[in-house]
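Visitor: Any chance you can model this:
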Amino acid sequence: MRKLSQREKILLGVVAILAIGVFIWIIGGDGGFSLGSRNLNTKKRQLDNVNVIIDLSKKTTAIDQQIWEKAGLNGQIISDSLLNEIQQKGLFNDINNARRQSEIATLHPALKDKANLLMAYRRKIGGQFEDPDQLREVEGRIFTGEQPEVVIADRISELAKEAGLKPNYQLNIKAQPGQKSERISTQAKEILVAQLYIGTSGEELAELREEQQQIEEEAEAAMNSIYDVWGFGDNEADDYQEDEDNAADSEISDTTDEYEQQSTQNAQNKIENEYIRLPTTMPLTVRIQLLEFLQEQIELQILGIAESRRGFFADQIELVNPTKKSGIFTKKTKTNEPILKQDGSLLRKFNQLIDNYQEDKELNDESSEVEPLDYPNMISGLTIYTNSIRQQEENLSKSLAKVTLTHQPKVYFIEMNVRSSIDQMGKFIYAIEDSSKWIYVKGLKINIADKNKRTLGVNLSLVAKIL
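Guide: Have a look, this model is predicted:
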């Protein structure tokens, strides 16, 4: 083997150094894979943010209508003028016979964004509208498929009519120029988290009320059967009742499998949504009343008039032997268990409901001994429920804090000149502030139009913000 020259040794050394440098650059330097890794991490964070938004979108769909109703944005989507056009052009049968949303959307420009609501309502009522007037029953966001100026004018006209104003006023509606995107505030994000709880707990509350109604109906049916046994009613009624019972038994047997499948699917959906419910160890009436109380407290939190700024559920929990910090060292204790605060409003309300429930049971069951409730088990379940909701709210708030959510509101300025009495104008302004949260009064100028008739000339400045 030939011996390497001094020059060749130097060249090999340079190549080796370059190779080492490239290797270091690839695995962790300022470029190469490191740069690619940073890009991947950035894209991963962006993807996580998108997933959070998508998940929120799915969860907020169920409460959109509630928010629209509170803001005055929910109502009939088929106006009188559109209904007249549908009838004049003979489109009603086409709407009834359409198999897809796209078929309805092509019938009229105003139906393009309303097609999905029309199809959904058709399915709800059994497949078809009975007559054109039934189209008025379809509700949704009032701006769906409409020009904002038309909707604003219609709403002002409706409120003016209710207040007794004559239709001789003048309206000037203009869109705000140069609209910019606005970041959603931290307060708005907190309200969103609270609304999510109200929407989900509302579903549970509706199910519990339905269960309670079913129990009451069964109790009433049992009482009626006792009357039948003691001879109240004629034989003909008994025969009719027997036939009806047989028919009902037949229907029950035919639908049992379907009901069980539906119950299984509902249970699966609850598991997938990861929503914890009040423990079933609590009496049904107590759970209903407790959920009503919780929703009231969260409503106060949304309105900004709650007693605590930490959030209702966070304010009901305290930790037993929490982790203690001393300087730079952390001393871990054996337990870090959440418990309900003894002076918390939730525990006070629960104890009150339990006391009322036991008193009612004792009054209604005088002949027999009332079975005692498992109070420790109920408190344990309520603690788990409260702490789980608190953790879900915290996790959701942290996720929202990482996402820069923006929106571009459409703002319209409205100038209204009207002559009326002071009483009518007062009613009109009150109606705007009370029923249409998306319209509010910005300015008011008053002059005397007619001293003899006690008539005022009013220049009213309004703002409409379309969400």
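
Visitor: Next secondary structure after the least confident helix or strand in the chain by mean pLDDT?
Guide: Scoring the helices and strands of the chain by mean pLDDT, DSSP states H and E places helix 235-273 at the bottom, with a mean of 44. The C-terminal neighbour of helix 235-273 among helices and strands, as given by DSSP states H and E, is helix 284-303.

Visitor: and the next element down the chain from that following helix?
Guide: On the C-terminal side of helix 284-303, the closest following helix or strand by DSSP H and E is helix 312-315.

Visitor: Now do the helices in the stretch 1-150 of the chain.
Guide: Shown for the stretch 1-150 of the chain, the helices assigned by DSSP state H, counting those that start in this stretch span residues 6-28, 32-61, 64-71, 80-88, 92-97, 101-105, 115-124, 148-163.

Visitor: Outside of the following helix or strand past the last one itself, which residues are in contact with it?
Guide: With elements assigned by DSSP H and E, the helix or strand that comes after helix 148-163 is strand 170-175. Around strand 170-175, the neighbours that count as contacts under Cβ atoms under 8 Å, 6 or more residues apart in numbering are 148-149, 152-153, 156, 410-418, 464. (Glycine included, C-beta is placed from N, CA and C.)

Visitor: Buried among the residues you listed? Make that a PyMOL selection.
Guide: Those of these that count as buried under 16 or more other Cβ atoms under 10 Å are selected in PyMOL with:
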select buried, resi 152+156+412+414+416+418+464
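
Visitor: now, among the contacts of strand 170-175, which is nearest to Leu290?
Guide: Closest approach between these and Leu290, by Cβ to Cβ: Ala464, at 39.5 Å.

Visitor: tell me the SS of the closest one?
Guide: strand (DSSP: H, G, I helix; E, B strand; the rest coil).

Visitor: Please name the bridge partners of it.
Guide: Applying DSSP bridges to Ala464 gives these bridge partners: Tyr412, Ile439.

Visitor: For stretch 73-85, the averaged confidence score.
Guide: Mean pLDDT, computed over stretch 73-85, is 83.

Visitor: what does stretch 388-396 give?
Guide: The pLDDT scores in stretch 388-396 average 88.

Visitor: For it, output the C-alpha coordinates as PDB.
Guide: Presented in PDB, the C-alpha positions along stretch 388-396 are these (Å, rounded to 0.1, in the frame of the first residue of the first chain):
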ATOM      1  CA  SER A 388     -63.800  18.100  36.300                       C
ATOM      2  CA  ILE A 389     -65.800  21.000  34.900                       C
ATOM      3  CA  ARG A 390     -63.200  23.400  36.500                       C
ATOM      4  CA  GLN A 391     -60.300  21.500  34.800                       C
ATOM      5  CA  GLN A 392     -62.200  21.400  31.400                       C
ATOM      6  CA  GLU A 393     -62.700  25.200  31.600                       C
ATOM      7  CA  GLU A 394     -59.000  25.700  32.400                       C
ATOM      8  CA  ASN A 395     -57.800  23.500  29.600                       C
ATOM      9  CA  LEU A 396     -60.100  25.100  27.100                       C
END
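
Visitor: Identify each buried residue in that stretch, please.
Guide: Buried residues in stretch 388-396, counted by 16+ other Cβ under 10 Å: Ser388, Ile389, Arg390, Gln392, Glu393, Leu396.

Visitor: and this protein, what are its domains?
Guide: Here the domain assignment for the chain is 6-61, 71-143, 147-180+408-467, 187-231+276-402, 233-275, based on automatic domain parsing.

Visitor: Could you identify which of those has the lowest mean pLDDT?
Guide: Least confidently modelled of those is domain 233-275, at a mean of 45 by mean pLDDT.

Visitor: Ends of stretch 100-110, what's the gap?
Guide: By Cα to Cα, to the nearest Å, the extent of stretch 100-110 from end to end equals 16 Å.

Visitor: contacting residues around that stretch?
Guide: Contacts of stretch 100-110 (Cβ under 8 Å, 6+ apart): 82, 85-86, 89, 91, 94-95, 98, 111-116, 118-119, 145-146.

Visitor: Also stretch 128-148?
Guide: Residues beyond stretch 128-148 that count as contacts (Cβ under 8 Å, 6+ apart) turn out to be 64-65, 68, 73-79, 83, 86-87, 92, 95-96, 110-114, 117-118, 121-122, 125, 151, 155, 175, 410, 412, 464, 466.

Visitor: ok, 6 Å please
Guide: Contacts of stretch 128-148 with the rest of the structure, by Cβ atoms under 6 Å, 6 or more residues apart in numbering, involve 68, 73, 75-78, 87, 92, 96, 110, 112-114, 117-118, 121, 151, 466.

Visitor: Of the residues you listed, keep whichever come out buried.
Guide: Here, 16+ other Cβ under 10 Å leaves 68, 73, 75, 77-78, 92, 110, 113-114, 117-118, 121, 151, 466 buried among the contacts of stretch 128-148.

Visitor: Name the nearest of those relative to Thr280.
Guide: Trp68 (33.6 Å).

Visitor: Arg419 reaches Val458, doesn't it?
Guide: No - the criterion here is Cβ atoms under 6 Å, and Arg419 misses it with Val458 at 7.4 Å.

Visitor: Neighbour count: these two, which is higher?
Guide: Neighbours were counted for Arg419 and for Val458 using other Cβ atoms under 10 Å; Val458 has more, 22 against 17.

Visitor: what bridges to the more buried one?
Guide: Assessed by DSSP bridges, Val458 has beta-bridge partners Val418, Ile446.

Visitor: contacting residues around it?
Guide: Residues in contact with Val458, defined by Cβ under 6 Å, 6+ apart, are Val418, Met425, Ile446.

Visitor: distance of it from Glu162?
Guide: Taking Cβ to Cβ, to the nearest Å as the measure, Val458 falls 17 Å from Glu162.

Visitor: if we can go back for a sec, export the buried ones among the contacts of stretch 128-148 to JSON lines and tack on distance to Ala219?
Guide: Output for the buried ones among the contacts of stretch 128-148, formatted as JSON lines (distance: Cβ to Cβ, whole Å):
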{"residue": "Trp68", "distance to Ala219": "38"}
{"residue": "Leu73", "distance to Ala219": "41"}
{"residue": "Gly75", "distance to Ala219": "39"}
{"residue": "Ile77", "distance to Ala219": "42"}
{"residue": "Ile78", "distance to Ala219": "43"}
{"residue": "Phe92", "distance to Ala219": "46"}
{"residue": "Ala110", "distance to Ala219": "50"}
{"residue": "Asp113", "distance to Ala219": "47"}
{"residue": "Lys114", "distance to Ala219": "44"}
{"residue": "Leu117", "distance to Ala219": "39"}
{"residue": "Leu118", "distance to Ala219": "41"}
{"residue": "Tyr121", "distance to Ala219": "35"}
{"residue": "Val151", "distance to Ala219": "48"}
{"residue": "Ile466", "distance to Ala219": "50"}
